[in-house]
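A.B. asks: Predicted model follows, preceded by the sequence.
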Amino acid sequence: MTFLATAARCEMQPPIALGKLFRNRPKTGGIESWFPDSEIHFTYKGRTAIRHLCDLLDLRGSEVLMPAYNCGAEIEPLIRGGARIVPYRVDKSATADIEDIRKLISDKTRAVHVTHYFGFPQPIDEIRKVCDRHRLFLIEDCALALFSAWQDRKLGSWGDVSIFSLPKSIPVPDGGVLVINSPRLQSWEWKKRSAPLLSATRRSLSLFKSSLFRKRPLDNHPDRIDSELQDGVPIGVPMEEWYSSPEVRGTDGLPDVPGWMHYEETFTDRTLSWFSAHLLRGVDEDEIIKTRRRNYLCLASLLSGRPGFTLLYKMLPPGVCPLGLPLVCRDRESLCRHLSMRGITAAIWWPGFDRNMDWDRFQEARFLKNHVLLLPAHQGLGEKDMEYIAHAVATLNSQ
């Protein structure tokens, strides 16, 4: 049985800063100020923003080139919008193969979808040139790359359109963003309804709970950390309970995409909740970038050279705001379970294989989906947390 951590000490999502929750917040700022020349549309989820861009770009009946390394949640809304998915190669460093993109372009291709994994940029300037040369739309998927930049230009500003998923990077219960950069696509309208009250409330309460009851490491002394690890209570849950369908397998024997990743049409016309909008106005972009980079470098230094895994990225380029620290693990499930027992969220990136793809053709993407584990390094954590995580990893290797 495999596990996914649900965490009491080091969650994957940053906690709400409760002391700042009810302070007056500016009426302007946030996403609108990050993309001042773009048109911004808030949605309930990032995947609903993808569904909307199908209508915006008139993708029905057309081909969209999509990276083979994907979670599956971004594929279904495109298919629901009438697009045909054509996967392109992503190598073992999680970098898009531009030559493969060029080869796959046909007279039916209308858009290229590019995903910036874990906050690290794809060669977006080169892909932009390819799209311009062939008069294709560039869809920039920044669900994992809020606040990151490349060549002093924000990720999300290179594409004709871009999408974001806010809860992956900041403590909000919901929220997706569709950014329209191309002037010829702007002045777009869609029928909006408020966020679903029950779902938004449930997510908000869950975020409050994790923020209120999170247990912090006592200090960074190895003996104290060892004591905490030994006293740890299993808080992980069986992955089969978190992911309702990984045991549903296709003819190739691969587990299907988890049930909760499937697209829900009922959310298509929903916008983000009032609570998320309130929290979003208080986001300190500079502080988040600084803290995430500091935590990433600290944890990477502590883990570098240890057996059982390698760092997916050998360097942290300027401008990158990392989502977390991705590892390529020899035995990912054992490490994930081990960290779960010690109150550390470790996210499998990604579980399940979309049924619309021939995975035999994309062995590198298949390798990443089977071996990548993301460790938390967000703005709600600090140096002691990084040392706690590193020590927890070390205890597995010493067993």
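C.D. replies: Cool, got the structure.
A.B. asks: Keeping just the C-alphas, turn the longest strand along the chain into CSV.
C.D. replies: Here the longest strand in the chain is taken by residue count, with DSSP state E as the criterion, and it is strand 109-115. Coordinates of the C-alpha atoms in strand 109-115 are reproduced here as CSV (Å, rounded to 0.1, in the frame of the first residue of the first chain):
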residue,chain,number,x,y,z
THR,A,109,-2.6,22.7,-35.4
ARG,A,110,-3.9,25.8,-33.8
ALA,A,111,-2.1,26.1,-30.4
VAL,A,112,0.9,25.0,-28.5
HIS,A,113,0.5,24.4,-24.7
VAL,A,114,3.6,24.8,-22.6
THR,A,115,3.9,23.9,-18.9
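A.B. asks: Need the residues that contact that strand.
C.D. replies: Outside strand 109-115, the residues within contact range by C-beta atoms under 8 Å, 6 or more residues apart in numbering are 57-59, 62-67, 69-70, 74, 78, 83, 86, 96, 101, 122, 124, 127, 130-131, 134, 136-141, 143-144, 159. For every residue, glycine as well, the C-beta is placed using N, CA and C.
A.B. asks: packing partners for the helix or strand following it?
C.D. replies: Elements were assigned by DSSP states H and E; along the chain past strand 109-115, the next helix or strand is helix 124-134. Identification of packing neighbours for helix 124-134 by 3 or more C-beta pairs under 8 Å, 6 or more residues apart in numbering; DSSP states H and E yields helix 98-104, strand 109-115, strand 137-141.
A.B. asks: again, only this time at 6 Å
C.D. replies: With contacts defined as 3 or more C-beta pairs under 6 Å, 6 or more residues apart in numbering; DSSP states H and E, helix 124-134 has no helix or strand neighbours.
A.B. asks: Now do that helix and strand 137-141, the angle between them.
C.D. replies: Angular relation of helix 124-134 and strand 137-141 on a 0 to 180 degree scale: 160 degrees, by axes from the mean of the first three to the mean of the last three C-alpha atoms, to 10 degrees.
A.B. asks: centroid residue for the chain?
C.D. replies: Within the chain, one residue has its C-alpha closest to the average C-alpha position: by C-alpha atoms, centre = their mean, that is residue 144, at 3.5 Å.
A.B. asks: Next one: that one relative to residue 298, how far apart?
C.D. replies: Between residue 144 and residue 298 the distance, using C-beta to C-beta, to the nearest Å, works out to 20 Å.
A.B. asks: gap between the closest residue to residue 190 other than its chain neighbours and residue 188?
C.D. replies: When the adjacent residues along the chain are set aside, residue 190 lies closest to residue 52, with 6.1 Å between them (C-beta to C-beta, 6 or more residues apart in numbering). Residue 52 is 9 Å from residue 188, where distance means C-beta to C-beta.
A.B. asks: So for those two, which sits in the more crowded spot?
C.D. replies: Of the pair residue 52 and residue 188, residue 52 is the one with more neighbours under other C-beta atoms under 10 Å, namely 22 against 14.
A.B. asks: Backbone torsions only: list them for the more buried one.
C.D. replies: Dihedral angles of residue 52 (phi, psi; degrees, to the nearest 10) stand at phi -70, psi -40.
A.B. asks: can you pull out the strands in the stretch 101-250 of the chain?
C.D. replies: In the stretch 101-250 of the chain, the strands defined using DSSP state E, counting those that start in this stretch lie at 109-115, 137-141, 149-150, 153-154, 161-165, 176-180, 237-238.
A.B. asks: okay, these in JSON lines with mean pLDDT and distance to residue 339 next?
C.D. replies: Listed next are the strands of the stretch 101-250 of the chain as JSON lines, based on pLDDT from 0 to 100; distance: least, C-beta to C-beta, whole Å:
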{"stretch": "strand 109-115", "mean pLDDT": "99", "distance to residue 339": "25"}
{"stretch": "strand 137-141", "mean pLDDT": "99", "distance to residue 339": "27"}
{"stretch": "strand 149-150", "mean pLDDT": "95", "distance to residue 339": "30"}
{"stretch": "strand 153-154", "mean pLDDT": "95", "distance to residue 339": "32"}
{"stretch": "strand 161-165", "mean pLDDT": "98", "distance to residue 339": "23"}
{"stretch": "strand 176-180", "mean pLDDT": "97", "distance to residue 339": "28"}
{"stretch": "strand 237-238", "mean pLDDT": "40", "distance to residue 339": "13"}
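A.B. asks: Right, I'll leave it there.
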